[in-house]
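Any chance you could fold what I've pasted below:
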Amino acid sequence: MMNVLLPASSTCNIASACSSISGYTTNHNKNSTSLAELDSIRVVQILSTLRKDPKTALSFFAQLKEHGFLHNASTYAALIKILCCWRLDRKLDAVFLELIPGSKKHQHLDPGFEIFDLFETLEAEGLQVNETLGRAYNALIKSYVSIGMFDEAIDVLFQTKRRGFVPHIFTCNFLMNRLIEKGKGDMAVAIYMQLKRLGLSPNDYTYAIVIKALCKKGNLEEAVHVFQEMEEAGVTPNAFAYTAYIEGLCTHQRPDLGYQVLQAWKGANAPINAYAYNAVIRGFCGEMKVDEAESVFLDMEKQGVVPDAESYGALIHGYCKGWNLLKALALHNDMVSKGIKSNCVIVSPILQCLSNMGMPSEAVDLFKEFKESGIFLDEVSYNIVVDALCKQRKVEEAIDLLEDMKGKNMVLDIMHYTTLIKGYCFQGKVIDALNLFEEMKERGFKPDIVVYNVLAAGFSRNGLASEALDLLGYMEAQGLKPNSITHNMIIEGLCIGGKVEEAEEFLSSLENKSVDNYSAMVSGYCEANCTTEAYALFVKLSKQGALIKKGSCFKLLSNLCLEGVYDRALVLIETMLVLNGEPSKTMYSKVIAALCRTGDMKKARCFFDILLKRGLTPDVITYTMMIHGYCKMNCLQEACDLFHDMKQMGIKPDVITYTVLLDGQCKTNLRRFCSPVDARKNKEREMDALTIQTEMNDKDIRPDVICYTVLIDRHCKTDNLQDAIALFDEMIDRGLEPDTVTYTALLSGTCNKGYVDKAVTLFSEMSSKGILPDIRTILVLHRRGIIKAKKVQFRK
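Modelled structure (predicted):
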């Protein structure tokens, strides 16, 4: 039988009391007590002697339990008193978690008493309403909250009032904050109201938590009232409170107001941190107002608030949603250069953007680059690249990548199988897709509606119409009802697979046809290049007051513009506006580009102005298209005015914009007669061109090959050959390679000046570089008789 050496008095060696528990002794003496003879009263006495040494008390308590001693309410109460007195809150939490039914620790322990028996014991032993008992109640509440037992936590919270004290404010804050995290904001606010009635004095975090709860529910006016309560109570709002309100505005589609509030509070020296700016950036990006988000980011830096990884990540995500890949990559490089560590949440949108923009190969390469740089890439990042490989018909490489995931102890889920099945279908390997489908089921994954939709689309786009329809029956037999997405994938897939008639028959067979189904038919027609049929269906539906989905409208618009049917493209946009459908910025840009190509600048400007009135900011490409259109129509003043408007709107012209404007200046000058008055006007125009070049230099925008060619051509045609040659040499010195157009412009200038030998030298240089002449080059040389004189030979 095990013997336990117990102390004879409170002054005995405490360490020996604990250490002798773990060993067996054969030496029975008057100070030795058998474990079987040890009762709870004696344990309570021992723990009482250990009250000044909590570490040993815990060890003694635990070792008794390990050797089979069954603690009761009295022994637990004795230990809890020690832990409370020493304010060992974490140890206290662990003890309560052992006793709470439903917790993981409780599964291995049945104490044989209820928790409230424990508190009855604490009070019966003379532990009155004081800090010690309050600490025990606070620990119990937090323990309940930590395992999601909110009802029990609230029950204990309000029992404390009946026992004569109010729980600690930190405990209340902990409970309310966890309730909000679990989507129980109304309950958190109700507790706050009740605690106020019980005499609780909220602190700054209590108010901030309540503001957070109200803002999450969209009760923004009530949140303002809480700020007023804080002012009346003399409590200064903290950064958490300000941020919660700003984030509330942004998540409820008011980032503009959120930013105004942020600026006002920042101006009043309120503690505004990076998180508040991040909330506004996310808000603007969520509404696709990326230019505004970028302005907030720049303002953040000006105000001395250092952007963190979340700031960069939010804006990068916004750029990627708007397919502005160059800015996303530039911002990511800027972030890394400043020593801010990137992560999978930031780089995954970049990889997805590359893949979505038709650059899956680049997505794979960048993934490898991120991986080699030490960035942790999660299952989502891997799945994006698996999908990118499948788009390139490299399913075997995608499988190798999944094996790499397994080697990193990442868990493959149904999402990864779905992506591979989609890849096989895309390759036309339907049998392989079905085999993988069976493997997925064998591994315990139950196919969901997404997997079946992928298979349905795969069958359809590979021309397997009957198999796609059979799959619908199989789905229903498995307890999954095909939804509208399933039907849409079959319709569009059949059209892609060249089965347009079958798609039409399938649409007709649907009992309850929706606008989404008709949208899929329009998209399918577009995929099959049946634009006339797509437009006819669009018109038919619009006359019935139904507008197809925006994505289908975009496909139809793209086809109409591609086929040069601009009048129908205009009707499409106008119909969308009449039916309260908001065309996207890209759709407006497509129509504007089409009108600019046809020279209808009046209508182009009309749509450009509509774009502005709708609150959509044209990007640099749209502005450049408009400027180019005006220049082609010899409306240089309108082009210059728009150029100035562009800069006032905060849109930075790029090298293409400047090139277009310079080209317009040059061609306008050449159209004028050289009368004395016109010559003076020409000089003024020439100075304008020089101003543009100066502005480019000031903004560090370096000319590219096309820009240099325009400048060289301008100088040649205004009899400034030396300046043209100087620019040509500068271009080469900068490492830019002149093309056929550049050489032709300079050849024309040298020929016009009668410098035949120089022209021959230039042509020889051009030929030696493998740059082939075009028809314009040949005409220039022919006019001056250089070809006839056989002074040049064309490379064969």
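
K371 contacts L377, doesn't it?
Yes. Using CB atoms under 8 Å, K371 is in contact with L377, at 5.9 Å. Any C-beta I mention is one placed from the backbone N, CA and C, and that applies to glycine too.

before we move on, what SS does G68 have?
When classified by DSSP: H, G, I helix; E, B strand; the rest coil, G68 comes out as coil.

rewinding a little: who has more neighbours, K371 and L377?
Using other CB atoms under 10 Å, the more surrounded residue of K371 and L377 is L377, with 20 against 16.

In terms of pLDDT, where does the more buried one sit?
Looking at L377, its pLDDT is 90.

Is it in a helix, a strand, or coil?
L377 - assigned by three-state DSSP - is coil.

Also the one 4 residues further on?
Secondary structure for S381, judged by three-state DSSP, is helix.

hang on, it packs against V347?
Yes. Between S381 and V347 there is a contact under CB under 8 Å: 6.8 Å.

Quick check: neighbours shared by these two?
Contact criterion CB atoms under 8 Å, 6 or more residues apart in numbering; residues shared by S381 and V347: F370.

For the two, indicate the residue with more neighbours.
A count of neighbours by other CB under 10 Å puts V347 above the other of S381 and V347, at 25 against 22.

Might you report the residue contacts of the nearest residue to D619 once chain neighbours are set aside?
Take D619 and drop its neighbours on the chain: the residue closest to it by CB to CB, 6 or more residues apart in numbering is I651, 6.9 Å away. Neighbouring residues of I651 by CB under 8 Å, 6+ apart: D291, T617, P618, D619, V620, Y623.

Which pLDDT does the model give the first one?
Looking at D291, its pLDDT is 90.

got a list of what it touches?
By CB under 8 Å, 6+ apart, the residues touching D291 are T617, G650, I651.

Dump these into CSV; add pLDDT as well.
Formatted as CSV, these follow (pLDDT from 0 to 100):
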residue, pLDDT
T617, 84
G650, 85
I651, 87
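
pretty sure L711 contacts L662?
Yes. Contact criterion CB under 8 Å: L711 and L662 qualify, at 6.6 Å.

Overlap of the contact sets of the two?
Joint contacts of L711 and L662 (CB under 8 Å, 6+ apart) are Q693.

Could you count how many residues lie near D448?
12.

Nearest residue to it in space, please, no chain neighbours.
Per CB to CB, 6+ apart, closest to D448 is I414, 6.5 Å.

How about the contacts made by that neighbour?
Contacts of I414 by CB under 8 Å, 6+ apart are M440, F445, P447, D448, V450, V451.

starting at the chain centroid, how far to stretch 307-326?
7 Å (CA atoms, centre = their mean, to the nearest Å).

Check stretch 325-338 too.
With CA atoms, centre = their mean, you get 15 Å for stretch 325-338.

so what does the strand or helix carrying M521 touch, helix or strand wise?
Using DSSP states H and E, M521 sits in helix 515-527. Applying 3 or more CB pairs under 8 Å, 6 or more residues apart in numbering; DSSP states H and E, one finds that helix 515-527 makes contact with helix 484-496, helix 500-509, helix 531-543, helix 550-562.

Deepest-packed of those, please.
helix 484-496 (a mean of 24; mean count of other CB atoms under 10 Å).

Contacts made by that one with the rest, please.
Contacts to helix 484-496, defined as CB under 8 Å, 6+ apart, come from residues 449, 452-453, 456-461, 463, 465, 468-469, 472, 475, 500, 502-503, 506-507, 510, 514, 516-517, 519-521, 523-525, 527-528, 530.

Need the buried ones from these selected in ChimeraX.
To isolate the buried members of the contacts of helix 484-496 in ChimeraX, using 16 or more other CB atoms under 10 Å:
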select :452,453,456,457,458,459,460,461,463,465,468,469,472,475,500,502,503,506,507,516,517,519,520,521,523,524,525,527,528,530
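
and the closest residue in space to A293 that isn't next to it in sequence, how many neighbours?
Nearest-residue entry for A293: F284, 3.8 Å, with adjacent residues in sequence omitted and distances by CB to CB, 6+ apart. F284 sits with 25 neighbouring residues when counted by other CB under 10 Å.
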